[in-house]
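Asker: Could you look at this predicted model? Sequence included:
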Amino acid sequence: MNSENKVLIITASDGENLKLAKRFVVLAEQMGVNSTLIDLTSLELPLFSPKRHSELGIPSAITLLHSEMISISHWVVCAPEYNGSIPPVLTNAIAWLSVQEKDFRKLFNGRPIAMASVSGGGCMEVLISMRIQFSHLGAQVLGRQLASNNKAPAQDTSITDILDRLLQMKPLKIKPA
């Protein structure tokens with residue numbers, strides 16, 4: 001297992017994906033892994049735009065989120081599918097996080113990330129979209145992902161397998177450009 005023995009669970013929903021994220025927390029704890037849960041919907045971030053960024057600077061919620069995210073090397077992101085893609089709350093948070101540093105990839109670069117989704121559809125569009133975005137940001141995205149819905153709910157064995165695989169991954173040490 002990971003020497004840090006800690007995982008950050010991020011949810012981009014206060015509905016079914018929050019419930020899924022809480023299951024990740026419970027099962028991580030049962031595995032002896034410390035976990036922290038962040039619900040992006042509770043942050044109530046302003047919509048990112050370059051103009052808003054220049055007027056407001058970085059919102060304090062983003063500074064706190066960034067501090068939490070940088071302190072934990074392994075993440076699980078639980079997000080529903082919105083119109084065949086990533087939910088706005090997640091893309092908005094990523095936009096704000098990407099202007100926190102000179103290098104927009106710094107927070108994500110080399111970081112092991114697992115993805116999970118509960119959605120009314122098949123979840124594949126959101127999982128593909130997140131994989132593309134996190135890979136573009138330099139993350140190591142776990143090959144196994146979790147897609148679930150009411151007819152095919154997530155199994156505890158799948159969640160623990162994803163956590164086990166994620167925690168075996170080592171963060172990459174990326175040299176500054």
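Answerer: Structure received.

Asker: Please count neighbours and contacts with C-alpha atoms only from this point.
Answerer: Fine.

Asker: could you give me the average pLDDT of the helix or strand where Met115 lies?
Answerer: Element membership for Met115 (DSSP states H and E) is strand 112-118. Mean pLDDT, strand 112-118: 98.

Asker: what sits up against stretch 58-65?
Answerer: For stretch 58-65, the external contacting residues (CA atoms under 8 Å, 6 or more residues apart in numbering) are 43, 45, 93, 96-97, 100.

Asker: between these, which is nearest Gly121?
Answerer: Ala93 (23.8 Å; CA to CA).

Asker: Tell me the pLDDT of the closest residue to Ser98 other than its chain neighbours.
Answerer: Excluding the flanking residues, the one nearest Ser98 by CA to CA, 6 or more residues apart in numbering is Phe104, at 4.4 Å. Note on Phe104: pLDDT of 86.

Asker: so how far is Val26 from Phe104?
Answerer: Per CA to CA, to the nearest Å, Phe104 is found 32 Å from Val26.

Asker: Check the most centrally placed residue in the chain and give its pLDDT.
Answerer: By CA atoms, centre = their mean, the chain has its centre lying nearest to Val77, at 2.9 Å. At Val77, the pLDDT value in this model is 99.

Asker: Show me how far the helix or strand it falls within is from its chain's centre.
Answerer: Secondary structure from DSSP H and E places Val77 in strand 75-78. Between the centre of strand 75-78 and the centre of its chain there are 4 Å (CA atoms, centre = their mean, to the nearest Å).
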